[in-house]
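Enquirer: Starting from these lines, generate the structure:
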Amino acid sequence: MKWDEFFVTGDPMIYGAMVSIVLVSIAIVVGLTYFKKWGYLWREWLTTVDHKKIGIMYILAALIMLFRGGVDGLLMRAQLAVPENGFLDSQHYNEIFTTHGVIMILFMAMPFIIGLMNVVVPLQIGARDVAFPRLNAVSFWLFFAGAMLFNISFVIGGSPDAGWTAYFPLSSIEFSPTVGNNYYSIALQISGLGTLMTGVNFIVTILKMRAPGMTLMRMPMFTWSILVTSVIIVFAFPVLTIALLLMMLDRQFGSQFFTMANGGMDMLWANLFWVWGHPEVYIVILPAFGIFSEVISTFSRKNLYGYKSMVFSMVIISILSFVVWAHHFYTMGHGAMVNGVFSVTTMAIAIPTGIKIFNWLFTMQKGRIEFTTPMLYALGFIPIFTIGGVTGVMLAMASADYQYHNTMFLVAHFHYVLIPGTVFGVLAGMYYWFPKLFGFRLNDKQGKLAFWIIVISFNVTFLPLFALGLNGMTRRMYTYSAETGFGLLNLIASIGSVGLAIGFAVLVYNIYWSFRYAPRETNGDPWNARTLEWSTPSPVPHYNFAKMPNIENRDAFWFAKKSGKSLYKEDYSDIHMPNNSGQPFILGVIFMFFGFFMVFNWWVGAVIGAIGIFVMMIIRSFERDHGHYIPVKEVVATEERLRGEQV
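Expert: The predicted structure follows:
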């Protein structure tokens, strides 16, 4: 490969990105060296198996990816702001909308959700860690390796350019001869493997590690949402992994799975992708539903209305999510019978979703509502998500979809579903559980300012797209003429996107300001919450619970506070905890290099990387790591110190 083919050249923005990456890397190395933090970084973060620290790393990675995906979105809106704009050429625009979709779904929404579930689920069920702590670390580093591999594509080799769905034949070697879609297939396989491990880990954790007395129907709603989500992950992600493997074989080894000749079928890719892709929507939305349930209950000062119906509706949604995939290609040649069946199943999924909406409204009825920042995100979610749901029912009608399909109406719909349904959810969760991690709340005034800027700007950005779609503007259109009449609405949408960027900038500043100036909490429960995690100090010690709780009611912590009864029936004792390990980090590094060599068909390096992966697995199989015990004296001293700091 020639040097100018290896590095992407010819675009000032790419050169600027290269310079920025180099400067940031140098600044990080110099800072760690100057402050002598290399040892701390290795001991406390790179080798950690603590579920809370792993959760923090997931959330930090998600915020970085939110910035990267947000920049892509701003570039697209800048290109479409005025007619006949030459800001981006067609190839660069194709790459940007492809990476925007992949990053926002798989490298922003997914890690944010997984980060929160890492932090909260063990605390909610009374566990000291997840079932497989080292596997949890491996999951994170595989995700991170895949994310970094995908992100270097825009400066080394070129980004994927066939859309985030990577439909064939667009993503075939004939129509996309660069290595961009190699990055797509391999990076997503690596990160998807980590996600699949997470699903297995949390199913085992929730089913086998609950505190005494916590039956399934006493679990907090967020934990229920994670259990259902983890089951979806285990059933859906293997389909994506196999599809990506077949894609890699087609592109790099000359097989014919998705070609139009020699027995291949391009629609096979569309079916496999959406058999994973539509459950993926609920993988990122159901946990947010769990977050909203916790937040609305807490700040309405009431028990969650219709607990059992909420559980059953999530289970029904998870089942229906696997039988709606063909609604993504009504217009691609199915007969009336197939389209009709998938139209009915698609509209049916609105029923359990509507049950949840009404349950949240009934929870707030006659409640003593407190308008905190997380509650505002929960309240903002309900009407905006409802708009997304109603337009989803419109799209579910197969005959009408011939008008809506591949227009900006569809773009508006899925943003009205995913941004309030996922982004609002994870931001509400971040504000709500922030004290559990750091011992202080984010500034509420700044949080509310960011919320109002984001929610207003969101509607200014995406509401015009409904009209643009109905007027005939197709998605993925990188330019248009003035005669189309699309200019004004596109300009309004682009102005709104700038407002979104300002809102997220205020959010980031709030995090910075709060770390420097926010007062530390005076108790473990700053929100007067209901669930078990709030019975621990803020921040939570690395062993979570000094005494294992005993659960007798749903919302056990709330009832313990009201009745004056203790959650704990045992005394302090030695605590067994897992040891840190550098192997997950090293394995992630090896996977990243293995994937990089695979992208460019450098087989010698790829074989060495594969050997390295197997060597690490063999070394692990011979280890006898039984963890370590924290002596009871140390536990008591830590508890006295933590409780004393909060008086």
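
Enquirer: check contacts around Gly588.
Expert: 138, 140-142, 144-145 (Cβ atoms under 8 Å, 6 or more residues apart in numbering). Yep, even glycine has a C-beta here, placed from its N, CA and C like the rest.

Enquirer: So which of these sit within helices?
Expert: 138, 140-142, 144-145 (DSSP state H).

Enquirer: Check the spacing between the closest residue to Pro584 other than its chain neighbours and Phe143 real quick.
Expert: Counting by Cβ to Cβ, 6 or more residues apart in numbering, Ala137 is the residue found nearest to Pro584 once chain neighbours are left out, at 3.7 Å. With distances taken as Cβ to Cβ, to the nearest Å, Ala137 is found 11 Å from Phe143.

Enquirer: how about the helices of the stretch 351-500 of the chain, start to end?
Expert: 373-396, 398-404, 408-418, 424-438, 444-470, 487-517 (DSSP state H, counting those that start in this stretch).

Enquirer: just these: most buried one?
Expert: Comparing those by mean neighbour count (mean count of other Cβ atoms under 10 Å), helix 424-438 comes out on top with a mean of 25.

Enquirer: what distance separates that one from the centre of its chain?
Expert: Here helix 424-438 is found 14 Å from its chain centre; the criterion is Cα atoms, centre = their mean, to the nearest Å.

Enquirer: Can you dump the C-alpha atoms of it in CSV for me?
Expert: Extracted in CSV, the C-alpha atoms of helix 424-438 (Å, rounded to 0.1, in the frame of the first residue of the first chain):
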residue,chain,number,x,y,z
PHE,A,424,-32.4,11.9,27.8
GLY,A,425,-32.5,8.6,29.8
VAL,A,426,-28.7,8.2,30.2
LEU,A,427,-28.4,11.9,31.1
ALA,A,428,-31.1,11.6,33.7
GLY,A,429,-29.3,8.5,35.1
MET,A,430,-25.9,10.3,35.1
TYR,A,431,-27.3,13.2,37.1
TYR,A,432,-29.3,10.8,39.4
TRP,A,433,-26.5,8.4,40.3
PHE,A,434,-23.6,10.8,40.1
PRO,A,435,-23.3,11.1,44.0
LYS,A,436,-22.9,7.3,44.2
LEU,A,437,-19.7,7.6,42.3
PHE,A,438,-18.2,10.9,43.4
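
Enquirer: and the angle for it with helix 444-470?
Expert: 160 degrees (axes from the mean of the first three to the mean of the last three Cα atoms, to 10 degrees).

Enquirer: List the buried residues of the longest helix along the chain.
Expert: Selection of the longest helix in the chain by residue count, based on DSSP H, yields helix 266-300. Neighbour counts over helix 266-300 (16 or more other Cβ atoms under 10 Å) mark 266, 269-270, 272-300 as buried.

Enquirer: tell me the angle it makes with helix 408-418.
Expert: Using the same axes, to 10 degrees, helix 266-300 lies at 40 degrees relative to helix 408-418.

Enquirer: what's helix 266-300 packed up against?
Expert: For helix 266-300, the elements it packs on are helix 110-125, helix 221-253, helix 307-320, helix 350-364, helix 373-396, helix 408-418, helix 424-438, judged by 3 or more Cβ pairs under 8 Å, 6 or more residues apart in numbering; DSSP states H and E.

Enquirer: one more time with 7 Å
Expert: helix 110-125, helix 221-253, helix 307-320, helix 350-364, helix 373-396, helix 424-438 (3 or more Cβ pairs under 7 Å, 6 or more residues apart in numbering; DSSP states H and E).

Enquirer: Count the neighbours of the closest residue to Ile316 other than its chain neighbours for me.
Expert: Counting by Cβ to Cβ, 6+ apart, Ile316 lies nearest to Pro352, which is 4.4 Å off, once chain neighbours are set aside. Look at Pro352: counted by other Cβ atoms under 10 Å, it has 19 neighbours.

Enquirer: Kindly report the same for Ile611.
Expert: Counted with other Cβ under 10 Å, Ile611 comes out at 12.

Enquirer: Enumerate every residue touching it.
Expert: Applying Cβ atoms under 7 Å, 6 or more residues apart in numbering to Ile611 gives no contacts.

Enquirer: Using CSV, write out every CA atom in the host helix or strand of it.
Expert: Element membership for Ile611 (DSSP states H and E) is helix 603-622. Output of helix 603-622 as CSV, limited to C-alpha atoms (Å, rounded to 0.1, in the frame of the first residue of the first chain):
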residue,chain,number,x,y,z
TRP,A,603,-1.6,-11.4,7.3
VAL,A,604,1.7,-11.8,9.1
GLY,A,605,0.8,-9.2,11.7
ALA,A,606,-2.7,-10.6,11.9
VAL,A,607,-1.4,-14.1,12.6
ILE,A,608,0.9,-12.8,15.3
GLY,A,609,-2.0,-11.0,16.9
ALA,A,610,-4.2,-14.1,16.8
ILE,A,611,-1.4,-16.1,18.4
GLY,A,612,-1.1,-13.4,21.1
ILE,A,613,-4.8,-13.7,21.8
PHE,A,614,-4.6,-17.4,22.3
VAL,A,615,-1.5,-17.1,24.4
MET,A,616,-3.3,-14.8,26.8
MET,A,617,-6.2,-17.2,27.0
ILE,A,618,-3.9,-20.1,27.8
ILE,A,619,-2.0,-18.1,30.4
ARG,A,620,-5.4,-17.2,32.0
SER,A,621,-6.5,-20.9,32.0
PHE,A,622,-3.4,-21.8,34.2
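
Enquirer: Brilliant, that's me finished.
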